[in-house]
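> Please find the sequence and the predicted model below.
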Amino acid sequence: MKALLDTQALIWAGQSPELLGTSARATISDGLSELLVSAASAWEIATKVRIGKLPEAKALESRFLEEMVASGYTLLPVTAEHALLAGRLVGAHRDPWDRMIAAQAVALDIPVISIDPQLDAFGVRRIW
């Protein structure tokens, strides 16, 4: 199975896996799943660490690329197609990072590992 981790799931997977839902934890740990991490998550983590809203992710931010490789995650770039789709998604959810992750999941037709039910409004399949 191929799935896209949202930023919160990515952080919890590395720091507090017990906070993940049962299905999310099983998907991440099964060893057969291809797990993708969006460049949008790198941007979100770096931004929130810089402004003090995510101090618990400071170590992850400083070693982001190395941690992604060590965890076996595949980095997913943001393309113009993804950006256009994110901007066109109909729904009240205004978080630009969540909109991008939702757009990438829709474009690739893969589920998102996320606790956020607001993603459902975008037609995203969610694993939690």
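Sure thing, it's come through.

> okay, stretch 81-88 in CSV with CA atoms only?
Once side chains and other backbone atoms are set aside, the C-alpha atoms of stretch 81-88 remain, and they are given as CSV (Å, rounded to 0.1, in the frame of the first residue of the first chain):
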residue,chain,number,x,y,z
GLU,A,81,-0.2,20.5,-10.6
HIS,A,82,-0.4,19.9,-6.9
ALA,A,83,-0.4,23.7,-6.2
LEU,A,84,-3.2,24.3,-8.6
LEU,A,85,-5.3,21.5,-7.2
ALA,A,86,-4.7,22.6,-3.6
GLY,A,87,-5.9,26.1,-4.6
ARG,A,88,-9.0,24.7,-6.3
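
> what residues does it touch?
96, 99-100, 102-104, 106-107 (C-beta atoms under 8 Å, 6 or more residues apart in numbering). For glycine as for every other residue, the C-beta is placed from the backbone atoms N, C-alpha and C.

> what's the neighbour count on residue 122?
For residue 122, the number of neighbouring residues by other C-beta atoms under 10 Å comes to 21.

> Pull up the gap between it and residue 110, please.
Relative to residue 110, residue 122 is positioned 13 Å away (C-beta to C-beta, to the nearest Å).
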